[in-house]
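Visitor: Mind looking at a prediction? Sequence and model below.
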Amino acid sequence: ETGVTQSPTHLIKTRGQQVTLRCSSQSGHNTVSWYQQALGQGPQFIFQYYREEENGRGNFPPRFSGLQFPNYSSELNVNALELDDSALYLCASSFSRGGARDEQFFGPGTRLTVL
Amino acid sequence: DAKTTQPPSMDCAEGRAANLPCNHSTISGNEYVYWYRQIHSQGPQYIIHGLKNNETNEMASLIITEDRKSSTLILPHATLRDTAVYYCIVRVAFSMLRGGSQGNLIFGKGTKLSVKP
């Protein structure tokens, strides 16, 4: 069973641009969550997709959007990039079946730098 | 906001047990205690979780007090590779009902554990 993978590893963009980050979940997982981790902070929940629909969102503006595909992959899109969007973006997948016994498995992250 | 309180840093000698405390005095009856760790520049790694009873796996042991207001993660024989930031998280169960809890993880700043030779 392959783990969670993310691409690209690193990315540099300028303010105002748009970016798409990609995540490939573990096989069989039906849930993917995205987190933003600023330097020196813990990861912050952005949103979650369950069976290809957005299932909840943290305190992030609408310019953060996402998709989940039937083949277990997912995308995080960020429009109108701001300097504060510079962070490590983490994807986590799990098989959700109710309850809290479903561990979330994280990918290595994408380091986004906005200049 | 995170519902847990952890010391910002701890040191441990290699080969000794590392005991990482966590306070979660406002935990609700349906919330689990989860532990993750994050080695520098990597994604968080799941360690262990529990509801009421003490738990043990190949990585660590989790001791939860009877009133569930605090817990301790124990790494029985710490190695240099255990140097990482350890996060204690109180997590609501995922709900399969649309609009229910996502069971998302709410991270605090964690404890930076330094294992020294």
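Guide: All right, it came through fine. Numbers count the residues shown, from 1 in each chain, chains lettered A, B, ... in the order given.

Visitor: and B:Asn57, how many neighbours?
Guide: Each residue near B:Asn57 was counted by other CB atoms under 10 Å in any protein chain shown, and the total is 11. Every C-beta, even on glycine, is put in place using the N, C-alpha and C of the backbone.

Visitor: Also A:Thr110?
Guide: 21.

Visitor: Which element, helix or strand, includes the closest residue to B:Arg68 other than its chain neighbours?
Guide: Leaving aside its sequence neighbours, B:Arg68 sits nearest to B:Ile27 (CB to CB, 6 or more residues apart in numbering or on different chains; 5.4 Å). Using DSSP states H and E, B:Ile27 sits in no helix or strand.

Visitor: List the residues that contact B:Ile27.
Guide: B:3, B:33, B:68-69, B:90 (CB atoms under 8 Å, 6 or more residues apart in numbering or on different chains).

Visitor: what about 7 Å?
Guide: B:Ile27 makes contacts with B:3, B:68-69, B:90, as judged by CB atoms under 7 Å, 6 or more residues apart in numbering or on different chains.

Visitor: so A:Asp85 touches A:Val78, yeah?
Guide: Yes - taking contacts as CB atoms under 7 Å, A:Asp85 lies within contact range of A:Val78: 6.0 Å.

Visitor: neighbour count winner among those two?
Guide: In terms of neighbours (other CB under 10 Å), A:Val78 is the more surrounded of A:Asp85 and A:Val78; the figures are 24 against 20.

Visitor: Enumerate the beta-bridge partners assigned to that one.
Guide: For A:Val78, the beta-bridge partners under DSSP bridges are A:Val19, A:Phe64.

Visitor: need the contact list for it.
Guide: Counting by CB under 7 Å, 6+ apart, A:Val78 touches A:18-19, A:63-64, A:85.

Visitor: and the residue nearest to the spatial centre of chain B, which of the three is it?
Guide: For chain B, the residue nearest the mean C-alpha position is B:Trp35 (2.5 Å; CA atoms, centre = their mean). Counting by DSSP: H, G, I helix; E, B strand; the rest coil, the backbone at B:Trp35 sits in strand.
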